[in-house]
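Engineer: Any chance you could fold what I've pasted below:
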Amino acid sequence: MRASSAVLIDTSIRLWDLDFPKAEALLARTRAAYLHLDNLIAHSKRDRDGKVDAYLAVYLPDELVLLFFIDGDLVNAAMLTPIGRFQVAIGEAMRRIRAEPERAEIAFHTAPLEQLTAMYATCAQAPLDLGLNASSPESLFRPLLDRKWTGLLELISDGRVNYLLVRDGRFSSGLFAGRRDDEAPTAYVGRLFAGASGGARPRVTAKAFPGLAAFPLQAPPAMVAMFRRFVWDLTELAEGEMPGDAGKRAERVRMRLVATHEVLKAVGGRRGSEAADPIAEPSALAVGIIAWTRDFLEELEIGHPQIAPRLLREAAREHRFALSAVGFFDQLPWQIQW
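Structural biologist: Now for the predicted structure:
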């Protein structure tokens, strides 16, 4: 299989050559055609040995997709491409992976949560313009020390991706690709700039990022699908009671709230209508749907008193346990008797 020639934005490094730090190889880099992706992900969730913090790197013809796992659960996704690095919805990431089973390779490695957070930050955050000079360790770190900068530094050398945590301009800790167990971090960083003995010095790419205090969790596709069905069910039940009116009210309320709750762009409309999954934490998705539900039903109750608890009970019956788990009913003004 021919390797991809796509390069990482602002570099000459091929995406195909990127190698991230790893603690343990759950799956060495393998052609995707030999694997069953769903089984691989399911194993992480259900098998005790698979419930680890890890990342799955998928090397596609024109991009590299990263799936992040915490305690075996798939919790977020990101992409590296020739035109940029992006957060991506888990569902969209899976769609892209499944579209190229014959031309992709997959690696699955455990990694500490600190590393997963750093990997995601370099995709979700814009790099800082610090005027970094990556010609040598001294030229790189001296300006950081002078300004007592604190943040995340990404160094890529010969495809090896490394993450350095800097505090007040000084090296605090690092996550390195290919560092020997007996090798000091300072010696390894020096080797990144020196290259192999007798060989040409590698071009080191350095980028600075603010970094993230904690790893963000993305609402999973199943949760998004549940809320979509709930919104469609509630709207259709109301439309059955108020033909030609309730559906229009539901959409007006949704569009009014989109400015405050952007996640509402991903739900509503005609049943089955397609919309991109939101890239949002589960709590943000739930809060947006709760706001829409409350405003929509309160508006209906102006002309139809006591209609809200009855419609809510019917629309939520199928999903009541999952909705209860995210505190959905606790934040609505109606008491539902099941």
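Engineer: what about Gln218, distance to Leu18?
Structural biologist: 22 Å (C-beta to C-beta, to the nearest Å). For every residue, glycine as well, the C-beta is placed using N, CA and C.
Engineer: quick one: which of these two has more around it?
Structural biologist: Gln218 (28 against 18; other C-beta atoms under 10 Å).
Engineer: The more buried one reaches Ser283, doesn't it?
Structural biologist: No. Taking contacts as C-beta atoms under 8 Å, Gln218 lies outside contact range of Ser283: 11.3 Å.
Engineer: just for this structure, where's the confidence low?
Structural biologist: Applying pLDDT under 70 to the chain flags residues 1-2, 45-50, 195-199.
Engineer: Domain-wise, how is it divided?
Structural biologist: 15-112, 137-209, 221-331 (automatic domain parsing).
Engineer: and Ala121, which of these is closest to it?
Structural biologist: Nearest to Ala121, of all the domains of the chain, is domain 137-209, at 5.3 Å by C-beta to C-beta.
Engineer: Now do the end-to-end distance for that closest one.
Structural biologist: 18 Å (C-alpha to C-alpha, to the nearest Å).
Engineer: Strands of the stretch 151-300 of the chain, start to end?
Structural biologist: 151-157, 160-167, 170-175, 204-209 (DSSP state E, counting those that start in this stretch).
Engineer: will you turn those strands into JSON lines that also has distance to Ser139?
Structural biologist: Below are those laid out as JSON lines (distance: least, C-beta to C-beta, whole Å):
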{"stretch": "strand 151-157", "distance to Ser139": "13"}
{"stretch": "strand 160-167", "distance to Ser139": "15"}
{"stretch": "strand 170-175", "distance to Ser139": "15"}
{"stretch": "strand 204-209", "distance to Ser139": "10"}
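Engineer: Can you check which of those gets nearest to Asp129?
Structural biologist: Across the strands of the stretch 151-300 of the chain, closest to Asp129 is strand 204-209 (C-beta to C-beta), at 8.5 Å.
Engineer: Mind giving me the packing neighbours of that closest one?
Structural biologist: When contacts are defined as 3 or more C-beta pairs under 8 Å, 6 or more residues apart in numbering; DSSP states H and E, strand 204-209 sits against helix 113-124, strand 151-157.
Engineer: name the helices or strands packed onto the following helix or strand past the first one?
Structural biologist: In other words, helix 113-124. Per DSSP states H and E, the first helix or strand lying C-terminal to helix 113-124 is helix 137-146. On a contact count with 3+ C-beta pairs under 8 Å, 6+ apart, helix 137-146 meets helix 185-194.
Engineer: got the end-to-end distance for stretch 327-338?
Structural biologist: 16 Å.
Engineer: residue ranges of the helices in this protein, please?
Structural biologist: If DSSP state H is used as the criterion, the helices of the chain fall at 37-46, 90-98, 113-124, 137-146, 185-194, 221-241, 246-257, 282-303, 307-316, 320-325.
Engineer: how about TSV for the ones you listed, with distance to Asp73 added?
Structural biologist: Conversion of these to TSV gives the following (distance: least, C-beta to C-beta, whole Å):
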stretch	distance to Asp73
helix 37-46	6
helix 90-98	11
helix 113-124	12
helix 137-146	36
helix 185-194	31
helix 221-241	11
helix 246-257	29
helix 282-303	12
helix 307-316	25
helix 320-325	15
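Engineer: between these, which one is nearest to Ala78?
Structural biologist: Between those, helix 113-124 lies closest to Ala78; by C-beta to C-beta that is 3.6 Å.
Engineer: CA atoms of the closest one as PDB?
Structural biologist: Provided in PDB are the C-alpha atoms of helix 113-124 (Å, rounded to 0.1, in the frame of the first residue of the first chain):
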ATOM      1  CA  LEU A 113      -4.200  11.300  30.800                       C
ATOM      2  CA  GLU A 114      -1.700  14.100  30.800                       C
ATOM      3  CA  GLN A 115      -0.600  13.100  27.300                       C
ATOM      4  CA  LEU A 116      -4.100  12.700  26.000                       C
ATOM      5  CA  THR A 117      -4.800  16.200  27.200                       C
ATOM      6  CA  ALA A 118      -1.700  17.600  25.500                       C
ATOM      7  CA  MET A 119      -2.500  15.800  22.200                       C
ATOM      8  CA  TYR A 120      -6.100  17.200  22.200                       C
ATOM      9  CA  ALA A 121      -4.900  20.700  23.100                       C
ATOM     10  CA  THR A 122      -2.700  20.900  20.100                       C
ATOM     11  CA  CYS A 123      -5.700  20.200  17.900                       C
ATOM     12  CA  ALA A 124      -8.300  22.200  19.700                       C
END
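Engineer: Any buried residues in that helix, and which?
Structural biologist: Across helix 113-124, burial judged by 16 or more other C-beta atoms under 10 Å covers 115-124.
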